[in-house]
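Asker: What follows is a predicted protein model with its sequence.
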Amino acid sequence: MKQTIKIAVVLLVAVAFSLGWGLITSSEQNQTEKAELIRQNETLADAISRKESDFNEALYMMTEVEDQIRQIVEKENLVYSHNLEGVKPNNHELLVQEIEMIDELVIRSKANIKSLEEKVKGANFKTSVFQNKVARLNAEIKERETVIAGLREEIMAKDESIKLMTRQVDALIETAAEQSEVMAGKDNEIALLTDQNNALNKAYLAIGSFKELKDRGLVQRQGGFLWFGRTIDVQEDADRGEFLEVDIREVNMLPVKAANLSLLSEHPASSYQVVPGKTEDMKILEITNPDEFWKVSKYLVISKKT
């Protein structure tokens with residue numbers, strides 16, 4: 001009996017130990033599973049957070065690229081409007097600066113689109129919205145590159161045209177300057193020839209009674225006895241201020257207020273004649289052959305009697 005009770009107690013103790021051990025083992029397993037679930041939840045939360053961050057960053061980059069493309073279009077329109085005015089020296093530098101700014105915007109936009117593509121690909125965005133948006137941005141930036149390339153070629157062509165016209169204008173100015181120098185030389189030659197011709201056609205006139213002419217030192221009597229054999233010499237070395245300077249081309253008809261007149265200077269008799277004027281106290285010296293008349297002397301001294 002005691003043996004039986006002893007055995008029963010041993011069995012009860014074993015059963016109790018077994019149940020207690022089972023409870024302890026079950027509790028530890030639950031803690032492990034719970035910890036695993038917590039870790040998985042944290043991993044999922046991190047993934048969702050990264051996904052959301054990538055999504056927001058992609059949206060920001062898209063907005064930035066769209067803003068850059070808008071700026072490119074605005075500057076293209078500005079360049080186009082200036083280009084319609086013609087590439088002039090005063091706005092050519094402005095056009096070049098605008099083109100350079102557009103180039104910088106295009107480079108930045110292309111870099112941002114490339115980063116956006118990598119971001120979308122790395123974040124494994126499956127939605128077609130992002131893919132279509134990136135494709136559209138790529139297409140727009142390529143279109144902008146094509147437009148600005150055309151504008152650049154047009155501006156360069158006009159710039160070359162202006163350079164050509166500038167060279168032509170410079171050549172014309174240089175030619176005009178050379179011609180001006182030639183003309184100046186010709187003018188000097190003409191002036192010199194004119195002066196020489198004027199000098200050749202310059203004569204000296206004096207009119208008055210013999211006494212007046214003598215008193216002014218323009219004539220004097222030479223030689224002879226009493227009134228016979230005397231000659232009258234014109235003093236060509238007299239003061240030029242006592243003579244009237246005339247142009248022999250303009251004195252072919254010389255009216256003199258006198259009842260009678262005679263020439264004291266030497267001139268061929270066949271080269272002139274004295275004819276009556278409109279009144280009795282007027283005589284006209286008519287030079288019929290100027291070349292012969294002025295050949296002997298360029299001094300014309302007329303003695304008159306009233």
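Answerer: That came through fine.

Asker: What does the pLDDT read for Asn201?
Answerer: Looking at Asn201, its pLDDT reads 91.

Asker: Check the burial of it by counting its neighbours.
Answerer: By other CB atoms under 10 Å, 15 other residues sit near Asn201. Backbone N, C-alpha and C define where each C-beta goes, glycine included.

Asker: go on, Pro290?
Answerer: 15.

Asker: Tell me the strands beside the helix or strand hosting Val275, with direction?
Answerer: Of the helices and strands defined by DSSP states H and E, Val275 is found in strand 272-276. Partner strands and pairing direction for strand 272-276 (DSSP bridges) are strand 282-287 (antiparallel).

Asker: Which positions within the next helix or strand after the strand it pairs with qualify as buried?
Answerer: Moving toward the C-terminus from strand 282-287, the next helix or strand (DSSP H and E) is helix 290-293. For helix 290-293, the neighbour count (16 or more other CB atoms under 10 Å) marks Phe293 as buried.

Asker: Stretch 236-245 now?
Answerer: Those would be Ala238, Phe243, for stretch 236-245 by 16+ other CB under 10 Å.

Asker: Run the chain-centre distance for it.
Answerer: 61 Å (CA atoms, centre = their mean, to the nearest Å).

Asker: State the mean pLDDT of it.
Answerer: Mean predicted lDDT for stretch 236-245 stands at 83.

Asker: first to last residue in it, what's the distance?
Answerer: One end of stretch 236-245 sits 13 Å from the other (CA to CA, to the nearest Å).

Asker: Which residues does that stretch contact?
Answerer: Lys202, Ala203, Tyr204, Leu205, Ala206, Arg216, Gly217, Leu218, Ser297, Tyr299 (CB atoms under 8 Å, 6 or more residues apart in numbering).

Asker: Now Pro276: closest residue in space, sequence neighbours ignored.
Answerer: Lys283 (6.5 Å; CB to CB, 6 or more residues apart in numbering).

Asker: Was I right to think the one you found contacts Tyr272?
Answerer: No - if you go by CB atoms under 8 Å, Lys283 and Tyr272 don't touch, sitting 12.0 Å apart.

Asker: Comparing those two, which residue is more hemmed in?
Answerer: Lys283 (22 against 19).

Asker: what helix or strand is Leu59 on?
Answerer: helix 2-84.

Asker: Which helix or strand lies directly C-terminal to that helix?
Answerer: Immediately after helix 2-84, counting by DSSP H and E, sits helix 89-122.

Asker: what helices or strands is that next one leaning on?
Answerer: For helix 89-122, the elements it packs on are helix 2-84, helix 128-200, judged by 3 or more CB pairs under 8 Å, 6 or more residues apart in numbering; DSSP states H and E.

Asker: Output stretch 279-297 as CSV, nothing but the C-alphas.
Answerer: Output of stretch 279-297 as CSV, limited to C-alpha atoms (Å, rounded to 0.1, in the frame of the first residue of the first chain):
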residue,chain,number,x,y,z
THR,A,279,27.8,160.3,-123.5
GLU,A,280,30.4,162.8,-124.7
ASP,A,281,32.3,162.6,-121.5
MET,A,282,32.5,158.8,-121.6
LYS,A,283,35.0,156.7,-123.5
ILE,A,284,35.4,152.9,-123.6
LEU,A,285,38.6,151.0,-123.9
GLU,A,286,37.7,147.8,-125.8
ILE,A,287,40.4,145.1,-125.7
THR,A,288,39.9,143.1,-128.9
ASN,A,289,42.7,140.7,-128.5
PRO,A,290,43.4,140.0,-124.8
ASP,A,291,46.3,137.6,-125.4
GLU,A,292,48.2,140.2,-127.5
PHE,A,293,47.1,143.1,-125.3
TRP,A,294,48.5,141.7,-122.1
LYS,A,295,51.6,139.9,-123.6
VAL,A,296,53.9,142.9,-123.3
SER,A,297,52.8,144.2,-119.9
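
Asker: Other residues contacting it?
Answerer: 203, 234, 236, 248-249, 251-261, 263, 265-268, 270-277, 302, 304, 306.

Asker: Now do the nearest residue to Asn252 once chain neighbours are set aside, the pLDDT please.
Answerer: Setting aside the residues directly before and after it, Asn252 is nearest to Ile287 in space (CB to CB, 6+ apart), at 4.9 Å. Looking at Ile287, its pLDDT reads 93.

Asker: Quick check: the gap between the residue nearest to Arg216 when sequence neighbours are not counted and Gln68.
Answerer: Excluding its sequence neighbours, the residue lying closest to Arg216 (CB to CB, 6+ apart) is Glu242, at 4.9 Å. From Glu242 over to Gln68 the distance is 97 Å, taken as CB to CB, to the nearest Å.
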